[in-house]
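Peer 1: the following block contains a protein sequence and its predicted model.
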Amino acid sequence: MTIARKPRKPWNNWFHCVGTTYGAWLRGDARGWRSRKHKIHVPYDYHHPSPPGRYDRLLAYSKFIMKRDVVELAWLERVTICWKIHEALTFHNVEVVQLCVSPTHFHVLCRFVPLSPGTAVPGLDNPNASNIREPRHLIGIAKRESARTLSKAGTRPEGGIWAVRCKCKSIRDRRHQIRVARYILAHYKRGAAVWQLIQEG
């Protein structure tokens, strides 16, 4: 019998959220993958990839059932999405410290501030913010808004650019927060649009 681990409580409501573009990381990928609700145990990840050929059939099936092409974002799309994700999260009273968008995924280091007296952060006081403060819900709103921006601009067809769901990992302490912020910033070396850098011009 598998005993579910209790989710780690985030330090001061800080999270590291990660999402991928559609088709960028499929079930059966050699870099490792996770089945929903862990129905299939996969002991591999991108640090310890699976043996060659282990999940080839599953990966082929995952590609077969795709409804549209794999999404890889161009540079101007990355910059646009970076601005839009920051704008959407800030609108919903989410404090963003660091954010990057690469050709196939994004990272956000952010604080999901509860909407209750005495917990507001200066500059984040929008009364129209969502009352649902669950990280995946608010990241989902930002994903939807960024996808709509590209489809309205005509650079992407309607139907979305992101894979379903995302991963929101709790920040343990200040040291962990700083390490994640540096990790996200370093993505500029891999061609990512980084919020801190594009904001500075």
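Peer 2: Cool, the structure landed.

Peer 1: neighbours of the closest residue to L109 other than its chain neighbours, how many?
Peer 2: Closest residue in space to L109, ignoring its immediate chain neighbours: Q98 at 4.3 Å, by Cβ to Cβ, 6 or more residues apart in numbering. C-beta: built from backbone N, CA, C; applies to glycine. Using other Cβ atoms under 10 Å, Q98 has 20 other residues around it.

Peer 1: partner strands of the helix or strand harbouring Q98, with direction?
Peer 2: Assigned by DSSP states H and E, Q98 belongs to strand 94-101. In the sheet, strand 94-101 lines up against strand 105-112 (antiparallel), strand 193-194 (antiparallel) (DSSP bridges).

Peer 1: closest to S170 out of the ones you listed?
Peer 2: Among the strands paired with strand 94-101, the nearest to S170 by Cβ to Cβ is strand 105-112 (10.8 Å).

Peer 1: tell me the first helix or strand C-terminal of the helix ranked longest in the chain.
Peer 2: For the chain, the longest helix by residue count, based on DSSP state H, is helix 135-153. Toward the C-terminus, helix 135-153 is succeeded by strand 167-170 as the next helix or strand (DSSP H and E).

Peer 1: tell me the contacts of the closest residue in space to T21 that isn't next to it in sequence?
Peer 2: Leaving aside its sequence neighbours, T21 sits nearest to V71 (Cβ to Cβ, 6+ apart; 4.0 Å). Shown in contact with V71 (Cβ atoms under 8 Å, 6 or more residues apart in numbering): T21, Y22, G23, A24, T104, R156, I161, W162.

Peer 1: between the residues you listed, which sits nearest W14?
Peer 2: W162 (22.4 Å).

Peer 1: what comes up buried for stretch 161-170?
Peer 2: Buried residues in stretch 161-170, defined by neighbour count with 16 or more other Cβ atoms under 10 Å: I161, W162, A163, C166, C168.

Peer 1: quick one: end-to-end distance for that stretch.
Peer 2: One end of stretch 161-170 sits 25 Å from the other (Cα to Cα, to the nearest Å).

Peer 1: between the two ends of stretch 92-109, how far is it?
Peer 2: Per Cα to Cα, stretch 92-109 runs 15 Å from first to last residue.

Peer 1: quick one: distance of that stretch to the chain centre.
Peer 2: Taking the mean of its C-alpha atoms, stretch 92-109 sits 7 Å from the chain's own mean (Cα atoms, centre = their mean, to the nearest Å).

Peer 1: surely the residue nearest to T21 is within a strand?
Peer 2: No: counting by DSSP: H, G, I helix; E, B strand; the rest coil, V71 falls outside a strand, being coil.

Peer 1: separation between it and P52?
Peer 2: From V71 across to P52, the span is 26 Å (Cβ to Cβ, to the nearest Å).
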